[in-house]
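Student: output the structure for:
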Amino acid sequence: MKKMKIHFIAIGGAIMHSLAIELHKIGHIVSGSDDCIYNPAKTNLEKHNLLPQKEGWNPEAIDNEIDLIILGMHAKKDNPELLKSNSLGLKVVSFPEFIYNYSKNKKRVVISGSHGKTTISSMIIHVLKHSKINCDFIVGAKIDLIDNLVCLNENKIIIIEGDEYLTSPVDKKPKFLHYHPHILLISGIEWDHVNVFPSFNSYLGAFQNLTEQSKKRNAMIFYSKSDKNIFELLKGYKFCKSYEHKDYIIKRNKFEIVLEDKNIALNVFGKHNLENIEAARLVCSELGVDNNSFYKSIKSFKGARNRLKLLANYDNNSLVYRDFAHSPSKVLATINAVKDIYPKRYLTSCMELHTSSSFDFNFLKQYSDIFKNTEELWIYVDPERNKKLGSKKITKKLMFSLINHSQLVFIDKKEVLVEMINSFEKKDKNLLLMSSGNFSNINLEIELEKN
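Tutor: Prediction:
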């Protein structure tokens with residue numbers, strides 16, 4: 001790729017700032033702007049001298065010297081920098097459009113689905129690195145072997161975490177429809193992003209478009225055997241294969257995959273992660289990794305950031321985990337995973353309502369029986385987010401009417417949540433903290449150290 005002058009409109013997003021850093025590292029002249037930039041993006045951009053001098057939009061920075069504008073989803077249609085770019089006739093592309101144009105001559109592997117995308121993508125990258133198969137990648141969270149979410153090193157393979165969310169403020173197509181994969185994996189389809197997909201059928205339609213597009217290319221498609229929706233979308237298609245998790249045992253609080261000749265002890269746990277491993281194995285096999293090499297590599301995989309991350313261990317009598325789970329199936333899988341390895345230990349689960357979907361009354365109904373395997377349940381709502389997103393304010397009365405659990409505690413004050421975390425009893429009890437947000441910027445590690 002020839003060296004270019006590239007400007008990012010809305011540089012502060014997780015993937016956007018990661019792409020900006022990667023393009024800067026490979027020699028492009030990169031600039032950007034945003035009306036708000038939070039950590040870790042702020043610190044990461046500052047480290048590479050890419051942090052805008054001030055927050056806000058600066059149309060004066062847009063001129064004919066710029067070769068390419070990359071437009072982020074956070075910007076709006078009437079963004080002054082976007083309007084200026086259009087008036088000058090500059091080339092404007094979205095993040096997924098840029099990635100597709102960059103990877104036209106590569107083998108594109110797209111990992112899609114409502115859950116497990118980041119973990120499966122990370123597993124594949126981990127195994128390929130151990131197998132000395134170089135790949136470019138776009139992934140949603142860091143793992144041990146990578147220092148940035150985006151890697152563009154002119155390799156022949158690219159692993160892309162394919163999101164179904166909208167492409168940009170001027171392109172309402174789901175991101176994953178831009179990638180045109182040679183290998184597609186669909187982990188499962190569960191209604192999400194209700195602000196964009198008001199019904200399950202509209203959400204399913206995005207995946208229907210993805211599968212139809214991929215069929216026309218004769219792409220190899222892997223899918224979860226447990227998901228009937230995907231099966232219906234792929235019925236009669238010959239280049240597809242389903243997967244399910246292997247047999248397993250739990251030994252000394254660790255999951256082990258049972259194979260014919262040996263057991264494979266893992267650093268991750270839960271049936272959902274066993275299914276993720278099998279998904280990753282099929283993709284890696286398609287990319288030239290034999291089974292022995294795969295299992296040898298996957299043993300050392302420790303998970304992606306904030307995916308069942310152990311935050312505190314109190315003399316093995318009490319453990320505290322942090323997980324990204326937020327939608328019903330993810331929450332259920334995460335609770336069951338912790339319960340599987342500590343079946344007799346009292347479990348307190350805390351879920352923060354953070355996504356737009358979590359503030360939708362019809363969507364919330366899906367959580368009704370999700371928490372049956374946890375002894376105690378805390379539901380946390382940030383009061384400012386409650387005002388901003390709730391068409392119907394989330395109240396204690398509402399949550400008690402929607403969720404079936406005898407030990408439900410509703411929390412809508414940050415200081416109360418901090419107090420409950422600090423007073424968590426550390427004797428034969430586990431605490432599971434689940435959110436796609438950040439619990440109102442509470443530093444969980446510091447609070448847990450006070451115990």
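Student: how about low-confidence regions in this structure?
Tutor: Low-confidence segments of the chain, defined by pLDDT under 70: 390-392, 451.
Student: domain parsing for it?
Tutor: What automatic domain parsing lists as the domains of the chain is 5-90, 99-298, 309-449.
Student: can I get the ones you listed in a markdown table including mean neighbour count?
Tutor: Where you see a C-beta, it was placed from the backbone N, CA and C, and this is true even at glycine. Formatted as a markdown table, those follow (neighbours: other Cβ atoms under 10 Å):
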| stretch | mean neighbour count |
| --- | --- |
| domain 5-90 | 18 |
| domain 99-298 | 19 |
| domain 309-449 | 17 |
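Student: now do the contacts for Glu278.
Tutor: By Cβ atoms under 8 Å, 6 or more residues apart in numbering, the contact list for Glu278 reads 243-246.
Student: out of these, who's nearest Val331?
Tutor: Within those, the smallest distance to Val331 is 18.8 Å, found for His245 (Cβ to Cβ).
Student: residues contacting that closest one?
Tutor: Contacts of His245 by Cβ under 8 Å, 6+ apart are 271, 274-275, 277-278.
Student: could you point out the longest strand of this protein?
Tutor: strand 346-353 (DSSP state E).
Student: in its sheet, what does it sit against?
Tutor: Partners of strand 346-353 in the sheet, by DSSP bridges, are strand 376-381 (parallel), strand 429-434 (parallel).
Student: mind checking what helix or strand follows it in sequence?
Tutor: Proceeding N to C from strand 346-353, the next assigned helix or strand is helix 361-364, under DSSP states H and E.
Student: only alpha carbons, please: show that following helix as PDB.
Tutor: Provided in PDB are the C-alpha atoms of helix 361-364 (Å, rounded to 0.1, in the frame of the first residue of the first chain):
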ATOM      1  CA  PHE A 361     -38.700  -3.400  27.900                       C
ATOM      2  CA  ASN A 362     -39.400  -6.100  25.300                       C
ATOM      3  CA  PHE A 363     -35.800  -7.200  25.200                       C
ATOM      4  CA  LEU A 364     -35.500  -7.200  29.000                       C
END
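Student: tell me the helices and strands packed up against that helix.
Tutor: Applying 3 or more Cβ pairs under 8 Å, 6 or more residues apart in numbering; DSSP states H and E, one finds that helix 361-364 makes contact with helix 396-402.
Student: which one of the contacts of His245 sits closest to Leu402?
Tutor: Closest to Leu402 out of the contacts of His245 is Lys271 (26.1 Å), distances taken as Cβ to Cβ.
Student: measure the closest residue to the closest one other than its chain neighbours to Ala333 for me?
Tutor: With Cβ to Cβ, 6 or more residues apart in numbering as the criterion, Lys271 has its nearest non-adjacent residue at 5.9 Å, and that residue is His245. To Ala333, His245 is 11 Å away according to Cβ to Cβ, to the nearest Å.
Student: overlap in contacts, those two.
Tutor: Joint contacts of His245 and Ala333 (Cβ under 8 Å, 6+ apart) are Lys271.
Student: tell me which element Leu50 falls in.
Tutor: Going by DSSP H and E, Leu50 is not in any helix or strand.
Student: ok, it touching Ile11?
Tutor: Yes: counting by Cβ atoms under 8 Å, Leu50 touches Ile11, with 7.4 Å between them.
Student: hang on, Lys3 packs against Val30?
Tutor: No: the pair Lys3 / Val30 is not scored as a contact, 10.8 Å apart, by Cβ under 8 Å.
Student: would you mind measuring from the closest residue to Trp191 other than its chain neighbours to Ser368?
Tutor: Among residues not flanking Trp191 along the chain, Phe200 sits closest, at 4.3 Å (Cβ to Cβ, 6+ apart). For Phe200, the distance to Ser368 (Cβ to Cβ) stands at 16 Å.
Student: over to Asn292?
Tutor: Distance from Asn292 to Ser368, by Cβ to Cβ: 44 Å.
Student: could you do Asp67 as well?
Tutor: 52 Å.
Student: Leu433 now?
Tutor: 21 Å.
Student: Leu347 now?
Tutor: Applying Cβ to Cβ to Leu347 and Ser368 gives a distance of 19 Å.
Student: now Tyr321: which helix or strand?
Tutor: Tyr321 belongs to strand 318-323, assigned by DSSP H and E.
Student: other SSEs contacting that strand?
Tutor: So strand 318-323, by 3+ Cβ pairs under 8 Å, 6+ apart, packs with strand 309-314, strand 429-434, helix 444-449.
Student: hmm, 10 Å instead?
Tutor: When contacts are defined as 3 or more Cβ pairs under 10 Å, 6 or more residues apart in numbering; DSSP states H and E, strand 318-323 packs onto strand 309-314, helix 328-341, strand 346-353, strand 429-434, helix 444-449.
Student: output these as TSV; include the columns distance to Thr211.
Tutor: Listed next are the helices and strands packed on strand 318-323 as TSV, based on distance: least, Cβ to Cβ, whole Å:
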stretch	distance to Thr211
strand 309-314	33
helix 328-341	20
strand 346-353	31
strand 429-434	30
helix 444-449	39
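Student: Ala206 is nearest to which of these?
Tutor: Closest to Ala206 of the helices and strands packed on strand 318-323 is helix 328-341 (Cβ to Cβ; 17.2 Å).
Student: just the angle between the closest one and strand 318-323, please?
Tutor: Interaxial angle, helix 328-341 versus strand 318-323 (axes from the mean of the first three to the mean of the last three Cα atoms, to 10 degrees): 160 degrees.
Student: chain center to helix 328-341, what's the gap?
Tutor: 17 Å (Cα atoms, centre = their mean, to the nearest Å).
Student: can I get that helix as CSV, trimmed to CA atoms?
Tutor: The C-alpha coordinates for helix 328-341 follow below in CSV (Å, rounded to 0.1, in the frame of the first residue of the first chain):
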residue,chain,number,x,y,z
PRO,A,328,-29.3,-13.4,27.8
SER,A,329,-27.5,-16.3,26.3
LYS,A,330,-24.1,-14.9,27.1
VAL,A,331,-25.1,-14.2,30.8
LEU,A,332,-26.5,-17.7,31.1
ALA,A,333,-23.4,-19.4,29.6
THR,A,334,-21.1,-17.3,31.9
ILE,A,335,-23.0,-18.1,35.1
ASN,A,336,-23.1,-21.8,34.1
ALA,A,337,-19.4,-21.8,33.4
VAL,A,338,-18.5,-20.6,36.9
LYS,A,339,-21.1,-22.9,38.5
ASP,A,340,-19.7,-25.9,36.6
ILE,A,341,-16.2,-25.6,38.2
